[in-house]
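*Asks:* Below is the sequence, then the predicted model.
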Amino acid sequence: MAGRAPPLHLGLTGGIGSGKSTVAALLATHGAAIIDADAISRATTAAGGTALPAIAAAFGPQSIGADGALDRATMRAQVYGNPGARQRLEAIIHPLVSQEIERQTRAAHQAGHAWLVFDIPLLVEGGARWRARLDRVLVLDCPPEVQVARVITRSGLARGEIESILAAQASRAQRLAAADWVLFNGEDVSVRELGVQIDILARRLGL
């Protein structure tokens, strides 16, 4: 429609276990189109995923499980604590993720959404590559000990594995420094309380 304001591009980020999926769902109730970079990334490594041939060539056939998808436990053991291996994996996956994000962005624009939420776990780690595409950044802040407890509960990963993941991500201070807005989602914050904060944010944005 002529004269329609361009949609707001809001980046959503936070460390593992910070509650990004919950907040994204709340944002969607206000009409936001959610573009989930993590879900897109997982699709590239699911059975038949576009990243699998290159991953098998780079890391060996043992990196693909019997179900035809990426063997995440095997890959995790190779990547975390090994920056070179992580960079090789990212060089395969990131371009594919970027292509799908662009496709979904165009579709959301065409559908007339007033705002798009880019759920990007590694937004801060990506530096200017992501920030240049966003109007604002919303950071979910969470104490590391709460993150660890949540991930143990939902995934069954060992504490040491989770701590390795946290160490490979941006620090809490780095995320807060990149934020335009911060939502605190500690141990005692309920979904209802998060919803109230999202309502306030939506009103401030006129959405």
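*Replies:* Right, received. Where do you want to start? Residues are numbered from 1 along each chain as shown.
*Asks:* quick one, helices of this protein?
*Replies:* 20-28, 37-44, 52-59, 72-79, 83-110, 128-131, 144-155, 159-168, 172-178, 191-204 (DSSP state H).
*Asks:* Redo those helices as JSON lines? Include mean pLDDT.
*Replies:* Converted to JSON lines, the helices of the chain look like this (pLDDT from 0 to 100):
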{"stretch": "helix 20-28", "mean pLDDT": "93"}
{"stretch": "helix 37-44", "mean pLDDT": "94"}
{"stretch": "helix 52-59", "mean pLDDT": "96"}
{"stretch": "helix 72-79", "mean pLDDT": "87"}
{"stretch": "helix 83-110", "mean pLDDT": "93"}
{"stretch": "helix 128-131", "mean pLDDT": "78"}
{"stretch": "helix 144-155", "mean pLDDT": "91"}
{"stretch": "helix 159-168", "mean pLDDT": "87"}
{"stretch": "helix 172-178", "mean pLDDT": "93"}
{"stretch": "helix 191-204", "mean pLDDT": "92"}
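*Asks:* how about those helices in CSV, adding mean neighbour count and distance to Phe118?
*Replies:* Quick note: C-beta positions are derived from backbone N, CA and C, even for glycine. Listed next are the helices of the chain as CSV, based on neighbours: other CB atoms under 10 Å; distance: least, CB to CB, whole Å:
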stretch, mean neighbour count, distance to Phe118
helix 20-28, 18, 10
helix 37-44, 18, 7
helix 52-59, 16, 24
helix 72-79, 16, 23
helix 83-110, 15, 7
helix 128-131, 13, 8
helix 144-155, 15, 21
helix 159-168, 15, 21
helix 172-178, 15, 14
helix 191-204, 14, 15
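*Asks:* can you list these in a markdown table and add distance to Leu122?
*Replies:* Shown next, in a markdown table, are these (distance: least, CB to CB, whole Å):
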| stretch | distance to Leu122 |
| --- | --- |
| helix 20-28 | 12 |
| helix 37-44 | 8 |
| helix 52-59 | 18 |
| helix 72-79 | 13 |
| helix 83-110 | 9 |
| helix 128-131 | 8 |
| helix 144-155 | 15 |
| helix 159-168 | 10 |
| helix 172-178 | 11 |
| helix 191-204 | 22 |
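*Asks:* what's the closest of those to Gly11?
*Replies:* Nearest to Gly11 among the helices of the chain is helix 128-131 (6.4 Å), distances taken as CB to CB.
*Asks:* Just give me how far the closest one sits from the chain centre.
*Replies:* 14 Å (CA atoms, centre = their mean, to the nearest Å).
*Asks:* If anything else comes up later, I'll come back, but that's it for now.
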